[in-house]
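In: here's my sequence, what's the structure:
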Amino acid sequence: MSTLLSVRDLTMRFGGLTAIDDLSLEVPAGKITGIIGPNGAGKTTLFNCLTGFYKPTVGTLRLAHPRRGELRLEKLPSHRVARDAQVVRTFQNIRLFPKMTVLENLIVAQHNVLQRASRFSLAGLFSLPGYRRAEREAVERARTWLERLRLTQFADDAAGALPYGTQRRIEIARALCVDPVLLCLDEPAAGLNPRESAELNELLLYLCDELGIAILLIEHDMSVVMNVSDHICVINYGRKIAEGTPDAVKNDPHVIKAYLGEDDEEGVMQAYDETEERAS
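Out: Here you go, the predicted structure:
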């Protein structure tokens, strides 16, 4: 199994606060890697470092890009992480353009390609053939992802007027329009009901198994993360405390203590079983 992303000795400090503390992690290509931990553990800070929102205080982020070779994410300007490295993310809070249609939201996600094709507005202003071709391809790519995620019927609807679970899927579709080699999902099941969570499981497995997209998943919903992840890393107070298969992680005493505050294997198993029951 080849490694797509190698995180080594990552540390992120904000003044006297250490949000990520000497974290090392490997993300395999074409697999789903779950990142779990209690609130405030540093999970979103990790994503912010990977996607260029933060520059790490210490550490290296090496991406083995299938076409461009090794890229050092921590050295790339923030706008080039998505454009050149094709590492893209979604957010805990939905960030769609609510008054735009669903189709327009997916086209806007391709602004880097369209901007280059427009030659910084001149080709777009005069509707030159190269820009028209890029525009057609952007629309076609958007429609393809709408179809794959079963969202075609909402293409002309205002994104902000749609149900919450549908908006979550639109966010993922928008991220996919960048053709990511690594898709970072920050709590995609937040606010979903059990049926929607089950549908999210199917979607993530489809993206990984059928399309070969590597996924890095932050999630509190154990019915999602335990059922879809090939590998799980657990962090607490910015440090990695456990990693392994879902079965190994949910029975790890350090994980149990971090979540429950006590070394109670039966307790964590009961919490997981109750989550599974609600999802069924």
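In: export the longest helix belonging to the chain as CSV, just CAs?
Out: The longest helix of the chain (DSSP state H) is helix 129-148. What follows is helix 129-148, C-alpha atoms only, in CSV (Å, rounded to 0.1, in the frame of the first residue of the first chain):
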residue,chain,number,x,y,z
PRO,A,129,-12.4,30.0,-28.2
GLY,A,130,-10.0,28.9,-25.5
TYR,A,131,-12.2,30.4,-22.8
ARG,A,132,-15.4,29.1,-24.2
ARG,A,133,-13.9,25.6,-24.3
ALA,A,134,-12.8,25.8,-20.7
GLU,A,135,-16.2,27.1,-19.7
ARG,A,136,-18.0,24.2,-21.4
GLU,A,137,-15.6,21.7,-19.7
ALA,A,138,-16.3,23.3,-16.3
VAL,A,139,-20.0,22.9,-16.8
GLU,A,140,-19.6,19.4,-18.0
ARG,A,141,-17.4,18.5,-15.0
ALA,A,142,-20.0,20.0,-12.6
ARG,A,143,-22.9,18.1,-14.2
THR,A,144,-20.9,14.9,-14.0
TRP,A,145,-20.4,15.2,-10.3
LEU,A,146,-24.0,16.2,-9.8
GLU,A,147,-25.0,13.0,-11.5
ARG,A,148,-22.6,10.8,-9.6
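In: tell me which other helices or strands it touches.
Out: The contact analysis (3 or more Cβ pairs under 8 Å, 6 or more residues apart in numbering; DSSP states H and E) places helix 129-148 against helix 102-108, helix 111-117, helix 122-125, helix 164-176. In this view, the C-beta of every residue, glycine as well, is placed from N, C-alpha and C.
In: least reliable of these going by mean pLDDT?
Out: Mean pLDDT is lowest for helix 122-125 among the helices and strands packed on helix 129-148, at a mean of 47.
In: for Pro180, list the residues it contacts.
Out: Gln86, Val87, Val88, Ile213 (Cβ atoms under 8 Å, 6 or more residues apart in numbering).
In: most neighbours, which of the residues you listed?
Out: Val87 (28 neighbours; other Cβ atoms under 10 Å).
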